[in-house]
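Q: would you be able to build a 3D model of this:
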Amino acid sequence: MNDFSSRLALYWPALLDGAWTTLWLCSIAMLLGFALGVLIHLLANGRSRVGVAFTRVYVSFFRGTPMLAQLLLIFYLPSALGLDIPPMVAAAAALALNTAAYQSQILSSGFAAIPRGQLEAASIFALGKYNTLVHIQLPQVLRLTLPALISELIDVIKVSAVVSVISITDLMRVSQQLVSQTYRPLEVYLVAALFYLVLTSLLSVLGSLLERRWKERT
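A: Just a heads-up that it's a prediction; the model follows:
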C-alpha cells in the first residue's frame, strides 16, 4: 500500500496536467460547437434548400462516423493540401465539429419550446432577428437545454481520449507515457479512469447547481 501511495505521488502531477489539458480543450470545443450548433439550427430551419440539405448531410456525417476517423481526417487532410496545422488546433476543430452536430439537435428542442407569442412580440417591436436571437431566444434555450448540454460536455470529455493518437498530451496520452515508463498499465489506467470520473462528476454537480439556481429565479 505504501509503495502504491509513493507511486501515486509520482503519477499525480503529470495526470493533473493531462486532466487540465483535457478540460480546457473540451471546453473550447464545446463553446465553438455551441456557436456552430446554433448556426446549424438556423440553417436547418431557414428557407434555403441548400442550407437545409447541408445541415442534413453534416449532422448525418458527424453522428454516423467514428470520432477517431473524423479526427484523423481533419489532422491529415490539411497536410495533403500543403497546409500545416498544429495538433491542438486539429483536435479542437474535430471535437467542435463533432459536438456541433449533437448540440444542434439539443438546441432545436430548446428553440421549439419557446412560446411563439414571444417571437411575434419581438417582431411587433421590430427588435430584429439578431437581437431576438441573442436577447430572447438564446437565454431561454440555454436554460431549457442545460442538463442535455452538460451531458454532451461529459460525452465530449470521454470521447476526447482519442486525441492522444495525434500526440496531444491530454489525460489519456499522459497515462500512456506513464505506462511506458512504469510498466504498470492496470495501476496507471485505473488512476486515469478515476481522474475522468472526477471530472465528469464535478461537471454533473455544477450543472445541477446551475439548473437549480435558474429554477429559483423563475
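Q: list the buried residues in the host helix or strand of residue 144.
A: Per DSSP states H and E: residue 144 is located in helix 138-159. Neighbour-count burial for helix 138-159, counted by 16 or more other C-beta atoms under 10 Å, picks out 138, 141, 143-146, 148-154, 156-157, 159. All C-beta atoms are positioned from the backbone trio N, CA, C, and that covers glycine.
Q: for these, which one is nearest residue 205?
A: Using C-beta to C-beta, residue 150 is the member of those that sits closest to residue 205, with 9.8 Å.
Q: which stretches in the chain count as helices?
A: 2-44, 49-64, 67-80, 87-113, 116-124, 129-131, 138-159, 171-182, 185-217 (DSSP state H).
Q: highest average neighbour count across the ones you listed?
A: helix 87-113 (a mean of 20; mean count of other C-beta atoms under 10 Å).
Q: so for it, mean pLDDT?
A: Across helix 87-113, pLDDT averages out at 95.
Q: tilt between the helix or strand bottoming out on mean pLDDT in the chain and helix 138-159?
A: Taking mean pLDDT, DSSP states H and E as the measure, the chain has helix 116-124 as its least confident helix or strand, at a mean of 81. Interaxial angle, helix 116-124 versus helix 138-159 (axes from the mean of the first three to the mean of the last three C-alpha atoms, to 10 degrees): 120 degrees.
Q: list the contacts for the spatially most central residue of the chain?
A: Computing the C-alpha centroid of the chain and ranking residues by C-alpha atoms, centre = their mean puts residue 30 first, at 3.5 Å. Neighbouring residues of residue 30 by C-beta atoms under 8 Å, 6 or more residues apart in numbering: 96, 99, 149, 152, 153, 156.
Q: go again using 7 Å as the cut-off
A: By C-beta atoms under 7 Å, 6 or more residues apart in numbering, the contact set of residue 30 is 99, 153, 156.
Q: closest to residue 82 among the residues you listed?
A: Checking those one by one against residue 82 (C-beta to C-beta), the nearest turns out to be residue 99, at 28.3 Å.
Q: returning to that earlier point: distance to residue 92 for the contacts of residue 30 - can I get that in TSV?
A: Listed next are the contacts of residue 30 as TSV, based on distance: C-beta to C-beta, whole Å:
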residue	distance to residue 92
99	11
153	14
156	11
